[in-house]
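1. got a structure for you, letters missing:
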């Protein structure tokens, strides 16, 4: 009744259904950067007030809102050269300076006006070309930069720029140990810390660097602090460092370790909040976040940015947020949320592989799971509740769902479960003992070099599956498991077109084959489609048959290019592969997120 009365005022209406019963992670904003003009440098800085984030690209620097990741300003570099650099905000947040590595020099912008107020030329005779820390003088007239030798990162130096005159002031090599980031301003002076076996030394010198640095304090340190990454927190005299495959935090005041964490793989990307309440580091594919306690640092969160995210995380000064990078994206996370309590829902594998999804023909259900996982969830699209949670007992390659059954494809067989009748499901969990049918392939695959992919035809009569790296593509009869036809080329990601007349797959490009039938429903062969890359007759899975489109800035457009709905940052697909259209439904998913989002659009 409400819909009939008010639909003219709310047209179009969108209803969001969460697909898998796992709560959303703390990621609440994602921004995709343009690759135009060069690669994404992944250098970033927080303003001291935690309100702004600066991110360095190859030929520009973007100023972002620290709540929404909205682009506030874009600054173009005066010299177009894809070199990495170091970003630094002034204490009052009014200025932003970029010091670029190698031979580019520095550039400073006024954030209030958006104008460039100065540029300092490069120092051709300076060997110290990798910048890792900087600080402004109290009057914002000068900036000091800590840097290391490109060929010997333990050999460090400091040099200063005069931002008013745009000149290099002085350079000084540092003896007595390696500079430990970060350097900081103390009244009218510049302070920095050096580390060597057994001690941490704090030094002080004027910003002109004319005089020899004076030793202020010597603090105890472990004899073996490693040779890799170090981070010093001046306010609390805490030294974080990497030692082989462990990250440690040393309290120099109390001479004790606050954290000794041993990882399973490479660790790096050390980051403190300014008060030391939070500490973060990164391994291959996740960020470990600890929170301070009376007994040291305790685990607080594990953030999973996803694949291709091997860059340093940056904690905000207030410790409430952290940014990570994945591919050409900046991701913003909350840190104040505690670790979610354990759930009775079967867990997915630790490796966050991509989602595989399938709609039922009548659009009443969707089947969802992770490729290579063992848990499949059937969700009622009307209520948004899980109708069935299946512990399949095998590696999932593909999924299908009808009005009454759930179909899971493994590497060697197809297993079917009946969906519970009715609208209310008290216990949705089932396992292999509850299945009603198992079909074993008569042509099982060899041990895979990578995960297999599978797709079920729209009429549920046939199945296409790829056999890992270089093992080809095969089509099977769904009712018998009999092998019908195949190829020996190397493919992955196969799918039937929506009309079932073609099979498409990707490799180093996108390819298609026409399905040849015997005049009825039986497949007898595959005919190569030329030229490669033309649109399938039934449409790509990520293309809407109703003319809808998702833009790069997060808007869903209808067939008339009218804006229908704006997508939150963390819902936006990274690429076209991360969305599936099926009539009025849109499924969105990312590698690093715990569940897909399904949106139903009403016309």
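-> Here it is on my side, so go on. Since the structure is predicted, the reported quantities are computational estimates derived from the model, not experimental observations.
2. domains for the protein, by residue range?
-> As recorded under automatic domain parsing, the domains making up the chain are 222-334, 355-601.
3. most remote residue from the protein's center?
-> residue 519 (47.8 Å; Cα atoms, centre = their mean).
4. need the contact list for residue 201.
-> 176-177, 193-195, 215, 217-219 (Cβ atoms under 8 Å, 6 or more residues apart in numbering). From N, CA and C alone the C-beta is placed, and that goes for glycine too.
5. now these: which count as buried?
-> Neighbour counting by 16 or more other Cβ atoms under 10 Å classes 177, 193-195, 219 among the contacts of residue 201 as buried.
6. Would you check which pair of those residues lies furthest apart?
-> Using Cβ to Cβ, the two most remote members of the buried ones among the contacts of residue 201 are 177 and 219, lying 12.0 Å apart.
7. hang on, the earlier thing: pick the one among the buried ones among the contacts of residue 201 closest to residue 278.
-> residue 193 (20.6 Å).
8. shouldn't that closest one be in contact with residue 176?
-> No. Applying Cβ atoms under 8 Å, one finds residue 193 not in contact with residue 176, separated by 10.7 Å.
9. In contact with the residue farthest from the centre of the chain, which residues are there?
-> No contacts exist for residue 519 under Cβ under 8 Å, 6+ apart.
10. So it: helix, strand or coil?
-> Following DSSP: H, G, I helix; E, B strand; the rest coil, the label given to residue 519 is coil.
11. now residue 460
-> coil.
12. centroid residue for the chain?
-> Short answer for the chain (Cα atoms, centre = their mean): residue 305, at 3.3 Å.
13. For the stretch 501-603 of the chain, which residues score under the pLDDT cut-off?
-> 507-509, 531-539, 569-570, 590-594, 603 (pLDDT under 70).
14. Would you state the strands of it in chain order?
-> For the stretch 501-603 of the chain, the strands defined by DSSP state E, counting those that start in this stretch cover 502-507, 509-517, 523-528, 549-550, 555-557, 563-566, 579-582, 585-588, 597-601.
15. check which helix or strand covers residue 130.
-> strand 128-136 (DSSP states H and E).
16. per-residue confidence averaged over the helix or strand that that strand is followed by?
-> Remark: after strand 128-136, the chain's next helix or strand is strand 142-149, criterion DSSP H and E. The pLDDT scores in strand 142-149 average 84.
17. Run the angle between strand 142-149 and strand 128-136 for me.
-> 150 degrees (axes from the mean of the first three to the mean of the last three Cα atoms, to 10 degrees).
18. Identify the residues contacting strand 142-149?
-> Counting by Cβ under 8 Å, 6+ apart, 86, 88, 97, 99, 106, 108, 127-137, 154-163, 169, 179, 181-183, 190, 192, 207, 209 sit against strand 142-149.
19. how close does residue 597 sit to residue 368?
-> 11 Å (Cβ to Cβ, to the nearest Å).
20. In terms of neighbours, single out the busier of the two.
-> Per other Cβ atoms under 10 Å, whichever of residue 597 and residue 368 has more neighbours is residue 368, with 23 against 19.
21. my guess is that one meets residue 354, correct?
-> No. Residue 368 is not in contact with residue 354 according to Cβ under 8 Å; the separation is 11.4 Å.
22. What is the end-to-end distance of stretch 273-286?
-> End-to-end distance for stretch 273-286, by Cα to Cα, to the nearest Å: 18 Å.
23. how about that stretch: buried residues?
-> Buried residues in stretch 273-286 (16+ other Cβ under 10 Å): 273-274, 276-283, 285-286.
24. And those, which is closest to residue 325?
-> Checking those against residue 325 with Cβ to Cβ, the nearest one is residue 282 at 10.2 Å.
25. what's near enough to touch the closest residue to that closest one other than its chain neighbours?
-> In space, and not counting its chain neighbours, residue 282 is closest to residue 269: 3.8 Å by Cβ to Cβ, 6 or more residues apart in numbering. For residue 269, the contacting residues are 229, 280-282, 287, 311-313, by Cβ under 8 Å, 6+ apart.
26. ok, 10 Å please
-> Counting by Cβ atoms under 10 Å, 6 or more residues apart in numbering, residue 269 touches 229, 231, 242, 247, 280-283, 287-288, 310-314, 324.
27. pLDDT at it, what is it?
-> pLDDT, read off for residue 269, is 88.
28. Okay, helices next: where are they in the chain?
-> 2-10 (DSSP state H).
29. helices and strands of it: which one bottoms out on pLDDT?
-> When each helix and strand of the chain is scored by mean pLDDT, DSSP states H and E, helix 2-10 comes last, with a mean of 68.
30. For residue 111, see how far away the closest residue to residue 77 other than its chain neighbours is.
-> The shortest distance from residue 77 to any non-neighbouring residue, by Cβ to Cβ, 6+ apart, is to residue 59 (5.4 Å). Using Cβ to Cβ, we find residue 59 at a distance of 19 Å from residue 111.
31. Ok, residue 143 next?
-> 15 Å.
32. With neighbour numbers in mind, choose between these two.
-> It is residue 143, of residue 143 and residue 111, that has more neighbours when counted by other Cβ under 10 Å, with 25 against 20.
33. What residues are bridge-paired with the more buried one?
-> Under DSSP bridges, the beta-bridge partners of residue 143 are residue 136, residue 161.
34. in the stretch 1-150 of the chain, which segments are predicted with low confidence?
-> Along the stretch 1-150 of the chain, segments meeting pLDDT under 70 span 3, 7-14, 18-27, 35-42, 78-84, 101-104, 121-129, 150.
35. so who does residue 54 touch?
-> Applying Cβ under 10 Å, 6+ apart, we find residue 54 in contact with 43-47, 61-64, 72-73, 75, 87-89, 96-98, 109, 111.
36. ok, of the residues you listed, which come out buried?
-> Counted by 16+ other Cβ under 10 Å, those give 43-47, 61-64, 75, 87-89, 96-98, 109, 111 as buried.
37. hang on, the earlier thing: between residue 368 and residue 354, what contacts are shared?
-> Contacts common to residue 368 and residue 354, judged by Cβ under 10 Å, 6+ apart, are residue 589.
38. so residue 249 touches residue 230, yeah?
-> No. In terms of Cβ atoms under 10 Å, residue 249 does not count as a neighbour of residue 230; the distance is 11.2 Å.
39. and these two? which has more neighbours close in?
-> Legend: neighbour count by other Cβ under 10 Å for residue 249 and residue 230, higher for residue 249 (26 against 21).
40. Please report how far the more buried one lies from residue 95.
-> Distance from residue 249 to residue 95, by Cβ to Cβ: 32 Å.
41. before we move on, what about residue 229?
-> Taking Cβ to Cβ, one finds residue 229 at 28 Å from residue 95.
42. Same check on residue 333?
-> According to Cβ to Cβ, residue 333 and residue 95 sit 27 Å apart.
43. Who are the contact partners of residue 387?
-> So residue 387 contacts 364-367, 377-381, 401, 406, 419-420, 422-423, 425, 428 (Cβ under 10 Å, 6+ apart).
44. hmm, back to that, would CSV of the buried ones among the contacts of residue 201 with pLDDT be doable?
-> Formatted as CSV, the buried ones among the contacts of residue 201 follow (pLDDT from 0 to 100):
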residue, pLDDT
177, 75
193, 92
194, 91
195, 90
219, 93
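45. Show me which of these is closest to residue 265.
-> Distances from residue 265 to the buried ones among the contacts of residue 201, taken as Cβ to Cβ, are shortest for residue 195 (24.8 Å).
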